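Asks: Generate a structure from the sequence data that follows.
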Amino acid sequence: MKSTARNLYSGLLWMYVIMAAVSLGSTSHKLPSSFKRCRQNDAHLNDCLRVAVQDAFNKMMNGLPKLGILSLNPLQVSDILIRSEGAVSIEKMHFKKVLIHGLKGTKILKYKANLKQYILETESYTDQLSMEGEYTIAGQILILPISGEGKSNITLILGDAAVTAQSESDNLFFIFISAELHTNHTLIGEPVMKDNKLHMILKEYIVSFKPKLVTFNFENLFNGNKRLGDTMNKFMNDNWQIMFNELKGPFQVAFGEVFKEISNRLFSKIPFDNIFIKASEHKP
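Replies: I've put the predicted structure just below:
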């Protein structure tokens, strides 16, 4: 499978990177004093980090103008391009001008850090997540061709909330619904010295999605042919396990690339010991 994510809006910040609370343009190179920090030798480091990351994420939800951080509610992405090969062969799945709603309800369930190996792992849960914008799709699902373009709305329903979606135009929109989605993140880094200070730079960012149900609805497929469009939607929903298993790889790789790029911009600004306090240092 192949996957590409490109030209991402700088406002895309991921909640599981602790120093995402710091602006790319900040000259202090330190976390704000109001943000919780954890000692490297804390016997309960993982519990401390889970609370600290949740606290930081909540505080920056509506943006931090003084730090140059834009709102995460919604979070903005300019461009995502997905390709896949296999039973679901997508020549192009292109999303543009994307707004992601629903991160405010995200809860961090677990956090695990191996600081000596520069590895961070976390698990999260979000009640409802929607992604709206413009899309173009062309490819083949099993033996059936699929094509369409226009406005889009992707909604992930993770609890018992009712599903609703609307488009501001008469063009098509796309709805993607995932039931009870848990997401695992693994950040694999390495030590890098910069200005005589230790930084953690990510080599890899692995994302894993685990839904219990996925449903699909594309409108205006095949240039608005309702009969063909309805048939394709039914076919995708009847075979949602195949659809998800084929597409999750490219999506996970694409989002992992996004998160690694953004994370490294921040990790390169903030020294490792300002994120994880040394035993000899006092908390602010």
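Asks: and residue 193, how many residues sit next to it?
Replies: Number of residues near residue 193 (other C-beta atoms under 10 Å) recorded here: 8. Yep, even glycine has a C-beta here, placed from its N, CA and C like the rest.
Asks: And for residue 79?
Replies: 16.
Asks: For residue 117, which three-state class applies?
Replies: In three-state terms, and counting by DSSP: H, G, I helix; E, B strand; the rest coil, residue 117 is coil.
Asks: Can we start the residue count at 59 from this point?
Replies: Let's use 59 as the start, then, which means that last one is residue 175.
Asks: Next, find the distance separating it from residue 240.
Replies: Per C-beta to C-beta, to the nearest Å, residue 175 is found 24 Å from residue 240.
Asks: neighbour count winner among the two?
Replies: Using other C-beta under 10 Å, the more surrounded residue of residue 175 and residue 240 is residue 240, with 16 against 10.
Asks: Show the pLDDT at that one.
Replies: If you check residue 240, the pLDDT there is 80.
Asks: Surely it touches residue 181?
Replies: Yes. With contact defined as C-beta atoms under 8 Å, residue 240 counts as touching residue 181 (6.1 Å).
Asks: got any residues that touch both of these two?
Replies: Contact criterion C-beta atoms under 8 Å, 6 or more residues apart in numbering; residues shared by residue 240 and residue 181: residue 167.
Asks: ok, residue 202 - contacts?
Replies: Residues in contact with residue 202 (C-beta under 8 Å, 6+ apart) are 290, 293.
Asks: Dihedrals phi and psi, it?
Replies: Here is the backbone geometry of residue 202 (degrees, to the nearest 10): phi -110, psi 130.
Asks: Quick check: the gap between it and residue 261.
Replies: For residue 202, the distance to residue 261 (C-beta to C-beta) stands at 39 Å.
Asks: repeat for residue 159
Replies: Distance of residue 159 to residue 261, computed by C-beta to C-beta: 31 Å.
Asks: For these two, indicate the residue with more neighbours.
Replies: Between residue 159 and residue 261, counted using other C-beta under 10 Å, residue 159 has the larger neighbour count: 15 against 11.
Asks: Test my guess that the more buried one contacts residue 130.
Replies: No. Judged on C-beta under 8 Å, residue 159 makes no contact with residue 130 at a distance of 10.0 Å.
Asks: got a list of what residue 171 touches?
Replies: 103, 104, 107, 177, 178, 179, 334.
Asks: Look at it and give its secondary structure.
Replies: strand.
Asks: If it is in a bridge, with which residues?
Replies: Bridge pairing for residue 171 (DSSP bridges) gives the partners residue 178.
Asks: State the next helix or strand along the chain beyond the helix or strand hosting residue 110.
Replies: For residue 110, the host element (DSSP states H and E) is helix 103-117. Using DSSP H and E, the next helix or strand after helix 103-117 towards the C-terminus is strand 133-142.
Asks: Partner strands of that next one and their direction?
Replies: Here, using DSSP bridges, strand 133-142 pairs with strand 61-62 (antiparallel), strand 146-159 (antiparallel).
Asks: Which residue ranges of this structure form strands?
Replies: Taking DSSP state E, the strands of the chain run over residues 61-62, 96-97, 133-142, 146-159, 165-172, 177-183, 186-199, 202-215, 232-237, 240-252, 255-268, 271-276, 334-335.
Asks: Please dump these into JSON lines; it should also carry distance to residue 311 for every row.
Replies: As requested, those are exported to JSON lines (distance: least, C-beta to C-beta, whole Å):
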{"stretch": "strand 61-62", "distance to residue 311": "4"}
{"stretch": "strand 96-97", "distance to residue 311": "30"}
{"stretch": "strand 133-142", "distance to residue 311": "9"}
{"stretch": "strand 146-159", "distance to residue 311": "13"}
{"stretch": "strand 165-172", "distance to residue 311": "22"}
{"stretch": "strand 177-183", "distance to residue 311": "18"}
{"stretch": "strand 186-199", "distance to residue 311": "17"}
{"stretch": "strand 202-215", "distance to residue 311": "18"}
{"stretch": "strand 232-237", "distance to residue 311": "17"}
{"stretch": "strand 240-252", "distance to residue 311": "13"}
{"stretch": "strand 255-268", "distance to residue 311": "8"}
{"stretch": "strand 271-276", "distance to residue 311": "18"}
{"stretch": "strand 334-335", "distance to residue 311": "28"}
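Asks: Many thanks, I have nothing further to ask.
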